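**Student:** structure for this input, please:
(chains A and B)
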Amino acid sequence: MRKDDFHVLQDRAAGFVTRMFAFIIDLAIVAAIVAIGGGVSTLIDAALQGMGLQPTVDMTVIYVWMIPFIFGAYYTMFWSLTGRTVGKWFMGLRVIGRDGLPPSIGRSIIRFLGYGVSALAFWIGYVWVIIDDERRAWHDHFARTHVVYDYARHPSGEIYDTYRRRAEPTD
Amino acid sequence: MTSQRTDASQEPVDPGDAHKTIVRLVVGGIGEGIDRLMTLSRALDEADSDPDSTQISPIHADPTLMAMVGWISELPRQARQIANSASKMTYPITRAAGVAWDTGAFVAKTTGIAGFVEGLTEPLLTAIAEERERLTSVGTGEYARGRLLAVQVFEQSVDGIMGYLGTSEELGELVREQTLGITGSAVREIRETGAAADGLTEGVFRRLLGREKRGIPPMPVPRTE
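**Tutor:** Sure, this is the predicted structure:
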């Protein structure tokens, strides 16, 4: 694909490199959130001990257990609400379901769990995008989703129209 | 995949073969994960295709979430077992209550009280059904309104920041010229480069695998409702 053909990619399946960059950006953002949260939890722990209160549980341990949930919340929230995370927005990508809309909460959770499976298999699940005929990773197959190029600043009119139609009172 | 892992786990463990054990665990875990996700996905498909589902809240409005909760939870089965044990212990009481209820129902029917009570409860049941229907439409609408709002907030946040910065004329000018110009073109450049690299990477791998070269990438076909 030459750069001249850039505009024709709108709404078409995104490739491996773009998706990888989006993933790295998201990873950096969530890592920053986790780091800030870790600092806050350490401060709270120190403050409690300074007040003479000895917590019965180690806050650091609790926080470490919370990290996967922080990752999960970040991805599932953005996917289910807008179809794009910050990294995907930056790289001009959008996650859509079979109906062309952002995936539901349930499918977003499956997609996130699929991230784990794809990574556990020595990242083959991610690299699968390169050889898949529909450019879908394993987690896309699990959650029945697609990742498409979407360079528009705002989502397509179809998504807005669908939400508006559903949001209208039905009485 | 699962049976392979079970067979492997029954073999005696040789400390010298620790790496093999690790590989078995990883492969077995992946297999189990894929198996479970596919089962869950199939359950979601069934839930999606159910046209008779009624929803009364944002959570209930999402059949996929409800199906997933049902799949994950083993609690209903355990609850049934507990209920069975409890019912055996309380059988004499429930039996006596049943006899009393039947007697009461017989008396109510023969004396005409049952018809009177039905006449009283009919409007109430109708009102409950109407309210439930109303809540269904309200819940679905609220859910869609929430998602619409989230999309608007996320997509328009850049506009908001730019507008805020633009309140200062000099700063606004600087932001417009420098940020929008340079950053905008830089983002476009990165996206173009990424898209070009996508095609290049795919082309190399497809050639290595002996597959046909592809031109424009595929476009997902939306499911027809």
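**Student:** name the helix or strand for A:V147, please.
**Tutor:** strand A:146-149 (DSSP states H and E).
**Student:** packing partners of that strand?
**Tutor:** Secondary-structure packing of strand A:146-149 (3 or more CB pairs under 8 Å, 6 or more residues apart in numbering or on different chains; DSSP states H and E): strand A:93-96. Just so you know, the C-beta spots here come from the backbone N, C-alpha and C atoms, and that holds for glycine as well.
**Student:** burial check on residue 89, number of neighbours?
**Tutor:** As the question left the chain open, I've gone with chain A. 23 (other CB atoms under 10 Å in any protein chain shown).
**Student:** wrong chain, I was asking about chain B
**Tutor:** There are 8 residues near B:M89, going by other CB under 10 Å.
**Student:** and it, what is it in contact with?
**Tutor:** Contacts for B:M89 were tallied using CB atoms under 8 Å, 6 or more residues apart in numbering or on different chains; there are none.
**Student:** coming back round to it: quick one: the strand holding A:V147 to chain centroid distance?
**Tutor:** 13 Å (CA atoms, centre = their mean, to the nearest Å).
**Student:** what's next to it, contact-wise?
**Tutor:** Residues from elsewhere that reach strand A:146-149, judged by CB under 8 Å, 6+ apart: A:9-14, A:18-19, A:88, A:92-97, A:134-137, A:140, B:195, B:219-220.
**Student:** mind showing which ranges of chain B have poor pLDDT?
**Tutor:** B:1-23, B:47-80, B:87, B:154-155, B:158-184, B:221-225 (pLDDT under 70).
**Student:** show me what residue of it gets nearest to chain A.
**Tutor:** Per CB to the nearest CB, B:D198 is where chain B lies closest to chain A, at 2.4 Å.
**Student:** so what's the closest residue to chain B within chain A scoring on pLDDT?
**Tutor:** Residue nearest to chain B within chain A: A:G15 (2.4 Å; CB to the nearest CB). Confidence at A:G15, expressed as pLDDT, is 92.
**Student:** which residues does it contact?
**Tutor:** A:129-130, A:135, B:194-195, B:197-199, B:201-202, B:217.
**Student:** for A:L27, same thing?
**Tutor:** Counted by CB under 8 Å, 6+ apart, A:L27 has contacts A:G87.
**Student:** which SS class is A:R136?
**Tutor:** At A:R136 the chain is in coil, as set by DSSP: H, G, I helix; E, B strand; the rest coil.
**Student:** and the residue nearest to it when sequence neighbours are not counted, how many neighbours?
**Tutor:** In space, and not counting its chain neighbours, A:R136 is closest to A:H146: 6.4 Å by CB to CB, 6 or more residues apart in numbering or on different chains. Using other CB under 10 Å, A:H146 is surrounded by 25 other residues.
**Student:** separation between A:H146 and A:G83?
**Tutor:** Per CB to CB, to the nearest Å, A:H146 is found 10 Å from A:G83.
**Student:** with B:L125 instead?
**Tutor:** Separation of B:L125 from A:G83 (CB to CB) stands at 42 Å.
**Student:** for residue 105, which non-adjacent residue is spatially closest?
**Tutor:** Just so you know, I chose chain A. In space, A:I105 is closest to A:S80, 4.7 Å off (CB to CB, 6+ apart).
**Student:** not quite, go with chain B.
**Tutor:** That would be B:A114: by CB to CB, 6+ apart, it lies 7.3 Å from B:A105.
**Student:** gap between that neighbour and B:W101?
**Tutor:** In terms of CB to CB, B:A114 sits 13 Å off from B:W101.
**Student:** so where's the longest helix in chain A?
**Tutor:** helix A:16-50 (DSSP state H).
**Student:** now do the helices in chain B.
**Tutor:** B:2-10, B:18-48, B:63-72, B:75-89, B:91-111, B:113-165, B:169-174, B:184-208.
**Student:** ok, the second one near chain A or not?
**Tutor:** To tie it back to what came earlier, the one meant is helix B:18-48. Yes: contact of helix B:18-48 with chain A (CB under 8 Å from any CB of the partner chain) involves B:26, B:29-30, B:33-34, B:37-38, B:40-41, B:44-45.
**Student:** leaving out sequence neighbours, find the closest residue to residue 29.
**Tutor:** Using chain A here. A:V86 (5.7 Å).
**Student:** sorry, I should have been clearer: chain B.
**Tutor:** Nearest non-adjacent residue to B:G29 (CB to CB, 6+ apart): A:L120, at 6.5 Å.
**Student:** show me the shaky parts of chain A.
**Tutor:** A:1-7, A:54-57, A:152-171.
**Student:** distance-wise, check the most centrally placed residue in chain A relative to A:I33.
**Tutor:** Chain A has A:Y75 as the residue nearest its centroid, 3.1 Å off, counting by CA atoms, centre = their mean. Separation of A:Y75 from A:I33 (CB to CB): 12 Å.
**Student:** and if you look at A:G72?
**Tutor:** According to CB to CB, A:G72 and A:I33 sit 12 Å apart.
**Student:** likewise for B:V107?
**Tutor:** From B:V107 over to A:I33 the distance is 67 Å, taken as CB to CB.
**Student:** do A:A121 as well
**Tutor:** In terms of CB to CB, A:A121 sits 27 Å off from A:I33.
**Student:** more neighbours, those two?
**Tutor:** Set A:A121 next to A:I33 and count neighbours by other CB under 10 Å: A:A121 wins out with 20 against 15.
**Student:** so that one touches B:G29, yeah?
**Tutor:** No: counting by CB atoms under 8 Å, A:A121 stays clear of B:G29, with 9.5 Å between them.
**Student:** tell me, how many neighbours does the residue nearest to B:G29 end up with?
**Tutor:** Neighbours around A:L120, by other CB under 10 Å: 16.
**Student:** touching, A:V95 and A:P102? I think so.
**Tutor:** Yes: A:V95 sits in contact with A:P102 when judged by CB under 8 Å, with a separation of 6.6 Å.
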